[in-house]
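>>> Any chance you could fold what I've pasted below:
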Amino acid sequence: MNVAIVGTGYVADAYLKSLTRHPEMTLLGVFDKLPERAQAFAAFHHTRTYPSLQAVGDDPQVQMIVNLTNPRDHYEVSKAMLLAGKHVYSEKPMAMNMDHARELMALAQAKGLQFVSAPCTVLSETCQTLWREVRQETVGRVRVVYAELDDGHIYQDQYEKWVSSLGTPWPYKDEFEVGCTLEHAGYYVSWMLAWFGPAKSVTAFASVQVPDKMDRHPGEALDLISADFSVACIQFHNGVVARLTCSICAPHNHQLRIYGDKGYLGTDECWNYRAPVFSRKRIKLRSRFIYNPFKTKHPHPPLPYPAPAQKVGHYDMDFFRGPAEVAAALREGRPSALTPEFALHVNEISIAIHEALHSKGHVELTTTFEPLQPMKWAR
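Numbering: from 1, shown residues only. Just a heads-up that it's a prediction; the model follows:
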């Protein structure tokens, strides 16, 4: 499939790095509202630039757009590309509010186009392995899930020095304004929705614990205040409940624990596509139950394409696995493992948690989706 990238900021380098694992995807060019940034990106990655967003939409060879713009631009860019007749894969969130998300979904359906959003880590070996063990009831019937997405004390870190492989700075102001919930909740929300099906409600709390994040940047101020801590309880229609925490003001912790009647399944990282998966069974010792001190490791299924390479201190995520899966489904005439309705449900849950900063925190969800199927290579 022929694709074009709109938005050549920090995350775009990571997408291009993973594109090499999917030779069936051909990049025709890029566009950015900052021409000099687009030109530097194109020169570094050996592609061409489009002079305008309209030029991208007018190119009959482009079949799919990968929308990597600022989250607040996702709606306008995705809408323009859908109107131009292009399939769209958007970075998260698909829209900053549900009215815009529903509008885009309706537009895509009316035009017979695919409109899906990140994250695509649900396609990772780690998620698919955990899903296999849940289906096989390795730890019995699942009752409760605890998920952590604490990213460390970022506001105290040297984030001004964070740059992509091209040298593009990490957009700290945008990241603080969008907030850690909209940026990161989708990682584990999407996993749990794949395993357990649609959720029925979210009860959340969110707070601003560090209001002075920009104090070390004289002359700069946040235009939008978003929570830097959130915690949510998600109730699924199948009876499972989950607690999800997101923050940038607690030590780095990406642990996931799936508790069942016979023990728990776990992993320690959602950003490593091949993070180890393990379980610990409950055993009876004299008059009480304890968890077996020895973990059982569960092997990943083999991938049908090159696996991401793990780096020391940094996990290389296969960002283009999502667009490649949507393209493969279109090419093969089958449902995608990532559906628009699934993406919309992820978006609604993420927004419900994000908006708990200004609301009562309990939301009865209005979207749903047909249950997903695991990847063939992981069954």
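
>>> Any buried residues in stretch 208-220, and which?
Val210, Lys213, Met214 (16 or more other Cβ atoms under 10 Å). Bear in mind the C-beta positions are built from the backbone N, C-alpha and C, glycine included.

>>> Likewise for stretch 54-61?
By 16+ other Cβ under 10 Å, the buried positions in stretch 54-61 come out as Val56, Gly57, Asp59.

>>> now, which of those lie within helices?
Secondary structure defined by DSSP state H assigns Val56, Gly57 of these to helices.

>>> Tell me the one of the buried residues of stretch 54-61 nearest Lys86?
Nearest to Lys86 among those is Gly57, at 6.6 Å by Cβ to Cβ.

>>> that older thread, now distance to Leu113, pLDDT and secondary structure too, for the buried residues of stretch 208-220, in a markdown table please.
Shown next, in a markdown table, are these (distance: Cβ to Cβ, whole Å; pLDDT from 0 to 100; DSSP: H, G, I helix; E, B strand; the rest coil):
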| residue | distance to Leu113 | pLDDT | secondary structure |
| --- | --- | --- | --- |
| Val210 | 41 | 96 | coil |
| Lys213 | 38 | 93 | coil |
| Met214 | 39 | 92 | coil |
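
>>> any idea which of those is closest to Ala14?
Lys213 (23.7 Å).

>>> do you know how far that closest one is from Lys173?
Using Cβ to Cβ, to the nearest Å, Lys213 is found at 9 Å from Lys173.

>>> what residues do the two have in common as contacts?
Common contacts of Lys213 and Lys173 (Cβ atoms under 8 Å, 6 or more residues apart in numbering): Leu222.

>>> need the buried residues of stretch 54-61 in CSV with distance to Val77, can you?
Formatted as CSV, the buried residues of stretch 54-61 follow (distance: Cβ to Cβ, whole Å):
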residue, distance to Val77
Val56, 9
Gly57, 10
Asp59, 15
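
>>> So which of the buried residues of stretch 54-61 is the closest to Leu224?
For the buried residues of stretch 54-61, the nearest to Leu224 is Val56 (27.6 Å; Cβ to Cβ).

>>> Help me confirm that the closest one comes into contact with Met64.
No: Val56 lies out of contact with Met64 (Cβ atoms under 8 Å); the separation is 11.0 Å.

>>> just to revisit the earlier point, can I get the buried residues of stretch 208-220 in CSV with distance to Phe294?
Listed next are the buried residues of stretch 208-220 as CSV, based on distance: Cβ to Cβ, whole Å:
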residue, distance to Phe294
Val210, 40
Lys213, 43
Met214, 48
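
>>> Tell me the one among those nearest to Asp261.
Relative to Asp261, the closest of the buried residues of stretch 208-220 is Val210; by Cβ to Cβ it sits at 39.9 Å.

>>> For the closest one, which non-adjacent residue is closest in space?
Tyr155 (5.1 Å; Cβ to Cβ, 6 or more residues apart in numbering).
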